[in-house]
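Q: Requesting a structural model of the entry that follows:
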Amino acid sequence: MSAEPRLAAVAEPEPAAQAVPGTDQAVKETLEDYTLRFAPRSYRRWTPMVVATTALGGIAYMADFSIGAGIGLAHGTGNALLAIAVAAVVIFVTGFPLAYYGARYNIDLDLITRGSGFGYFGSVLTSVIFASFTFIFFALEGSIMAQGLKLGLGLPLWLGYLVSTLMVIPLVIYGMKALSKLQVWTTPVWLLLMVGPLVYLVATDPGTVDRFLAYAGTDGDGGISTASVLLGAGVCLSLIAQIGEQIDYLRFMPPRTEENKRGWWTAVVMAGPGWVVLGALKQAIGVFLAVYIIAEVGASAAPEPIQQFKGAFDAMMPSWLVVPLAVVLVVISQIKINVTNAYSGSLAWTNSFTRVTRRYPGRMVFVLVNLGFALALMEADMFSFLNSILGFYSNCAIAWVVTVATDIGINKYVLKLSPHAPEFRRGMLYAVNPVGVVAFVAASGLSIAMYFHGLGDTLQPYSPVAAAVIAFVLTPLMAVVTKGRYYLRRTDDGIAEPLLDEDGNPSAVAYECHVCRQQFERPDVAACTTHDAVVCSLCLSTDKVGDHVLPATV
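A: All right, here's what the predicted structure looks like:
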């Protein structure tokens, strides 16, 4: 097929220039977040540090304090700190290749997953898992905010759950532009309120550090136990899917060039896998504050972040200021993370729905769906059985992230059986790639069986280890067994223009989609099988009869 003649690149597109078929609202949504598609260079005008700050603003959640407190109360400080460190190392190592691919090729984790072992429809499974991550953690953060509103304003919990859900809707309607402003403006206040009490307590009462280090927990004698460390690490590893939310921002990184490469790499590492450094510190602080609260108030309030910070503020400021500041900290943290949870969850649900039904309903529909699931969990009092939910969920999340990271690190760069550049367009990929799907299903299935004592009580604490090891071993093994033949159903998309420019960045050359008549950059289009023209990736996804989808050639 002859290539479509090159169109002039669009340096300053008008708002309609990146639109997709559908309602005016769907057009606005696509302009803001590029749901289901590559993020074009013409939109990515932020500096690396602005993108990184925005991405890191999304990890302001208070759940880390609860997670750390829960592990510390059960297993003691020593086991808790080791569990947090083990999980942090795993999260950093697996998150690095994913963050790099998202920032380098300007696509989200679902699009990366499609071409990294799962196939066009195979990654629907992992999209649903990621969407579940977002509403589980939205519910957790909403519960924490409701606790703060009850303490500060006297609102009943059920009403606090509703308020914490509804207040994010106006903020999440718009995508990266609105979220970047919110995160940049609120981060300094959040950091001051979070770090200040800890520094004050350590400086004025060094005995708090001794009590913290000596705390033995309720389930042991304070000694180091492999089982306790792994059980705690399993809870922390439920956060491994957070890299997906980081990539939802990192995909808006500017092209990497010789001039900006140092700042580019710093931003990618800091806001990609580096998020876990701050996350691990918050978990450790959660243990510290829980031990402090036990000594000052009692164990019943220790796992609740609002009570942790209320106790810390009590020691350093007038009583009339304590509750208002604690509530402000909780509310800021909840807003910062839950706009991200609602945003990322809506992208994941939309991705799945559009591929399965071949219809694009608009992202706002799934903002409401995600919030509905989260509200139901809050009303069911999920906070009271937090560690059980996270321990179960972590098995699925670990299996998915390790599978994709292994495909990138081993199958692409070592075995060279997986295509080096990621592919996500319909027609270019097989529907299902057994490499990732088999590895993921086997790893998550066996680890979940272990978690529920299906293989005996002795192996139960090792379920997160099993999820990671099985995924790491099976992913390259399946690539070797299948000889990499199920990654691409064709290697040529019918367009002569290279996908990447001379610097290895996605090409900014623009083409007009002959279905929706809008301009899209080179990585987001493919040749049409029935016309001498090109079609954008979203129009390919919504093509109900396959008129525009290129046939298989391999």
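Q: what are the ranges of the strands in this structure?
A: Across the chain, reading from the start of the chain, the strands by DSSP state E fall at 510-512, 519-521, 525-527, 534-536.
Q: Check those strands for me and report the most buried one.
A: A comparison of the strands of the chain by mean neighbour count, using mean count of other CB atoms under 10 Å, puts strand 534-536 on top with a mean of 27. (C-beta placed from N, C-alpha, C; glycine too.)
Q: avg pLDDT for it?
A: Strand 534-536 comes out with an average pLDDT of 93.
Q: got the contact list for R522?
A: The contact partners of R522, by CB atoms under 8 Å, 6 or more residues apart in numbering, come to 495, 497-499, 506-511.
Q: ignore the last one, V535
A: Contacts of V535 (CB under 8 Å, 6+ apart): 513-515, 525-528, 543, 548.
Q: Make JSON lines from the residues you listed and add pLDDT and distance to A103 to it.
A: Conversion of the contacts of V535 to JSON lines gives the following (pLDDT from 0 to 100; distance: CB to CB, whole Å):
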{"residue": "C513", "pLDDT": "91", "distance to A103": "26"}
{"residue": "H514", "pLDDT": "90", "distance to A103": "31"}
{"residue": "V515", "pLDDT": "89", "distance to A103": "29"}
{"residue": "V525", "pLDDT": "94", "distance to A103": "22"}
{"residue": "A526", "pLDDT": "94", "distance to A103": "23"}
{"residue": "A527", "pLDDT": "94", "distance to A103": "28"}
{"residue": "C528", "pLDDT": "92", "distance to A103": "30"}
{"residue": "D543", "pLDDT": "89", "distance to A103": "30"}
{"residue": "H548", "pLDDT": "91", "distance to A103": "30"}
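Q: how about these in JSON lines, adding distance to R355?
A: Listed next are the contacts of V535 as JSON lines, based on distance: CB to CB, whole Å:
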{"residue": "C513", "distance to R355": "18"}
{"residue": "H514", "distance to R355": "22"}
{"residue": "V515", "distance to R355": "17"}
{"residue": "V525", "distance to R355": "18"}
{"residue": "A526", "distance to R355": "16"}
{"residue": "A527", "distance to R355": "21"}
{"residue": "C528", "distance to R355": "19"}
{"residue": "D543", "distance to R355": "11"}
{"residue": "H548", "distance to R355": "15"}
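Q: out of the residues you listed, who's nearest L368?
A: Within the contacts of V535, the smallest distance to L368 is 26.6 Å, found for D543 (CB to CB).
Q: burial of the closest one, as a residue count?
A: If you count neighbours by other CB atoms under 10 Å, D543 ends up with 17.
Q: Also the one 3 residues further on?
A: Burial measure for G546: 14 neighbouring residues, criterion other CB under 10 Å.
Q: cool, V367 as well?
A: What V367 shows, counting by other CB under 10 Å, is a neighbour count of 22.
Q: How about the one 5 residues further on?
A: Other residues within reach of G372, judged by other CB under 10 Å, total 13.
Q: cool, the one 5 residues further on as well?
A: Using other CB under 10 Å, L377 has 20 neighbouring residues.
Q: show me the contacts for the closest residue in space to it that isn't next to it in sequence.
A: Of all residues beyond its chain neighbours, the one nearest L377 is A139 (3.7 Å), with distances taken as CB to CB, 6 or more residues apart in numbering. Taking CB under 8 Å, 6+ apart as the contact definition, A139 lies against 373-375, 377-378, 382.
Q: What does the pLDDT read for A139?
A: pLDDT recorded at A139 is 86.
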